[in-house]
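Colleague: could you look at this predicted model? Sequence included:
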Amino acid sequence: MNWPWSVTAKGFAMGVADLVPGVSGGTVAFIAGIYDPLLNSLSALSGEGFKALTRGKFGEAWKAINGPFLLALVLGIGAAIASLASPLHWLLEHEPTLLRAFFVGLVATSVPLMAKHVKGWGLDTWVWAAIGCAVA
């Protein structure tokens, strides 16, 4: 099996985001284009994968949950947390404005990507989007 290094790198980015209060690794997953496969794998954990596991079919369960994908992702997230928790803590204490600006930029990057998934951007959609931004 070829190791899915790109998934590990995306998991690392998710882990970095998870270390910063108020920033979601899910946002990074969405930006990185792995949100849907992640949701499918996680839902299979309690569905098809769980059923196979209870029948003792470990290989089938591993395949159902897309095991290589989840393992690569979890290892990336874990590597980020293990290696960057201390430096990010330092940045939050000493350079909070720059760090927050970086992560606000990441979130702002996701807006056009989300907009592609919304069908029919009419006036009402823009009004609600503006209200949501104002509240946030």
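Modeller: Great, that's in hand.
Colleague: show me what counts as buried in the lengthiest helix in the chain.
Modeller: Counting by DSSP state H, the longest helix found in the chain is helix 67-94. Residues of helix 67-94 classed as buried by neighbour count (16 or more other CB atoms under 10 Å): 67, 69-73, 75-77, 79-80, 84, 88, 91. The way it works is simple: take the backbone N, C-alpha and C, and place the C-beta from them, glycine included.
Colleague: same deal with stretch 104-124?
Modeller: By neighbour count on 16+ other CB under 10 Å, the buried set for stretch 104-124 is 106, 107.
Colleague: all helices of the chain, in order?
Modeller: Shown for the chain, the helices assigned by DSSP H span residues 5-19, 25-32, 35-46, 48-54, 58-64, 67-94, 96-117, 123-135.
Colleague: using PDB, write down the CA coordinates of the lowest-mean-pLDDT helix or strand in the chain.
Modeller: When the helices and strands of the chain are scored by mean pLDDT, DSSP states H and E, helix 96-117 comes last with a mean of 80. Output in PDB follows, covering the C-alpha atoms of helix 96-117 (Å, rounded to 0.1, in the frame of the first residue of the first chain):
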ATOM      1  CA  PRO A  96      -1.900  36.700  19.500                       C
ATOM      2  CA  THR A  97      -2.900  39.200  16.900                       C
ATOM      3  CA  LEU A  98      -0.700  37.700  14.100                       C
ATOM      4  CA  LEU A  99      -1.800  34.200  14.900                       C
ATOM      5  CA  ARG A 100      -5.500  35.100  15.000                       C
ATOM      6  CA  ALA A 101      -5.200  37.000  11.800                       C
ATOM      7  CA  PHE A 102      -3.600  33.900  10.100                       C
ATOM      8  CA  PHE A 103      -6.500  31.700  11.200                       C
ATOM      9  CA  VAL A 104      -9.200  34.300  10.300                       C
ATOM     10  CA  GLY A 105      -7.600  34.300   6.900                       C
ATOM     11  CA  LEU A 106      -8.000  30.500   6.700                       C
ATOM     12  CA  VAL A 107     -11.700  30.800   7.700                       C
ATOM     13  CA  ALA A 108     -12.200  33.600   5.200                       C
ATOM     14  CA  THR A 109     -10.700  31.400   2.500                       C
ATOM     15  CA  SER A 110     -13.400  28.800   3.100                       C
ATOM     16  CA  VAL A 111     -16.200  31.300   2.300                       C
ATOM     17  CA  PRO A 112     -15.800  31.200  -1.500                       C
ATOM     18  CA  LEU A 113     -15.400  27.500  -1.400                       C
ATOM     19  CA  MET A 114     -18.700  27.200   0.600                       C
ATOM     20  CA  ALA A 115     -20.400  29.600  -1.800                       C
ATOM     21  CA  LYS A 116     -19.700  27.200  -4.700                       C
ATOM     22  CA  HIS A 117     -21.900  24.600  -2.800                       C
END
